[in-house]
Every structure is written in structure tokens, then in C-alpha cells.
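A.B. asks: return atomic coordinates for the entry below.
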Amino acid sequence: QLLVVILSSPPPRHVRARRSQSFVLRVALLVQVFFLKVLLTMAAKQQQQQQINIGAMPMEQLNGLREQLQEEDRFLTNSYSQLKVAQNKFSESREALKSIAPANVGKQIMVPMTSSLYVKGALADCESVLVDVGTGYFVEKSPTEADEYLKRKIDYLNNNCERLEANIHDKRKNLESVTMVMQAKSRDQKAANAPAQ
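C.D. replies: Okay, here's the model as predicted:
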């Protein structure tokens with residue numbers, strides 16, 4: 001989970017216990033971002049190379065190409081969804097950060113322990129927050145610095161989402177072209193095999 005944890009003291013025991021789970025989730029997200037970058041790089045290289053005449057390819061190769069494009073589309077779509085979820089978490093954290101103000105010190109708040117468990121608490125300090133920067137590490141920042149950090153993360157994810165969206169669009173256009181060629185070849189093959197009347 002990517003969110004700002006607002007505490008005025010070191011992380012409680014439940015946060016430390018969740019670090020291993022959070023670490024696994026962050027590593028999975030980092031691995032997906034890495035593979036996403038690899039796929040985007042590969043796609044850019046493929047676009048720079050000569051285009052292949054898919055009309056001249058046999059049906060077996062076309063079928064293999066279609067399956068490859070479908071798999072890449074599924075992976076990119078899944079990655080896009082996960083990046084959007086991460087972006088939404090950062091946005092939610094930014095919204096929560098707005099309530100860290102001197103006027104709210106001492107007021108009752110609900111502190112998230114898990115995604116579905118909250119406990120009552122009180123805002124003890126508005127001068128600093130602990131920001132979860134990944135792999136179980138927290139950095140103390142002022143609310144302004146935390147907001148700038150979250151904004152940078154949101155912008156970074158937004159740029160990656162835009163690039164990924166364009167790549168998904170290109171993959172789907174290629175997949176549609178391959179499918180159309182396969183359908184045309186299938187019709188031609190049926191017409192050639194049909195007995196003359």
C-alpha cells in the first residue's frame with residue numbers, strides 16, 4: 001500500500017509487522033514498473049525497425065503473432081490498472097495531508113491500521129509527518145515537503161500512464177490488423193477449397 005502514514009512517534013508495532021507484506025507488494029510493483037519500461041523500450045525499438053508485411057506471413061506465424069500481441073496487451077493493461085491504483089493512493093494521501101493543520105491538533109481522527117480497520121486517535125503534531133517511501137522505510141517530512149513528494153510521485157505515475165496508454169493503443173491497432181489479415185486469409189482459403197459449382 002502506498003500511503004502517507006501520519007504519526008508523531010516511531011511506527012507502532014502493527015506497522016512494523018506489516019513491513020514484510022508491504023515490502024513484497026512494493027517489490028512486485030517495482031518489478032512490474034521495470035518490465036513495463038522494458039516493454040516500452042522494446043515497443044519503441046520495434047516501431048523504429050522496418051514494418052513487416054503481415055499479408056505475406058503464413059497462418060501459423062500470424063496466429064503466433066496474434067497470441068503474442070494478446071499477451072502483451074493483457075500485461076500492459078494490468079500494469080496500467082496497477083499504476084492507476086498507485087496514483088489514486090498517492091492522491092488520497094495528498095487529500096489526507098490537507099487535514100494536517102494547527103487547527104486540527106488534538107482533534108479526534110480515525111487512524112488506518114489496515115485497509116479495513118481503523119482506530120480512534122488524536123492528531124498530536126502538525127509540524128512533521130512520517131512518509132512511507134517504500135520497503136518499510138519512513139522519512140520524517142514537513143507537511144509541505146510531504147505534499148511535494150506526493151505531487152512528484154503522482155506526476156511520475158501520470159507520465160508513465162500516458163505513455164502506457166499510447167502503447168496499449170498501438171498494440172490493439174496491431175492486434176486488429178493481424179486479426180483482419182487472418183480473417184481475410186481464412187475466407188480466401190475457404191473460397192479456394194470450395195468445389196466449383
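A.B. asks: only C-alpha atoms from now on, for both contacts and neighbour counts.
C.D. replies: OK.
A.B. asks: now do the helix or strand harbouring Glu95, average pLDDT.
C.D. replies: Assigning secondary structure by DSSP states H and E places Glu95 in helix 59-97. Taken as a whole, helix 59-97 has an average pLDDT of 90.
A.B. asks: ok, the next helix or strand after that helix: who's next to it in the sheet?
C.D. replies: The element immediately downstream of helix 59-97 (helix or strand, assigned by DSSP H and E) is strand 108-112. Neighbouring strands of strand 108-112 in its sheet, by DSSP bridges, are strand 118-122 (antiparallel).
A.B. asks: got a list of what Lys151 touches?
C.D. replies: Contacts for Lys151 were tallied using C-alpha atoms under 8 Å, 6 or more residues apart in numbering; they are Arg94.
A.B. asks: dihedrals phi and psi, it?
C.D. replies: Backbone geometry at Lys151, expressed as degrees, to the nearest 10, gives phi -60, psi -40.
A.B. asks: pLDDT value on it, please?
C.D. replies: 94.
A.B. asks: that one and Asn78, how far apart?
C.D. replies: Taking C-alpha to C-alpha, to the nearest Å as the measure, Lys151 falls 23 Å from Asn78.
A.B. asks: same check on Leu69?
C.D. replies: Relative to Asn78, and taking C-alpha to C-alpha, Leu69 is found at 14 Å.
A.B. asks: perfect, that will be all.
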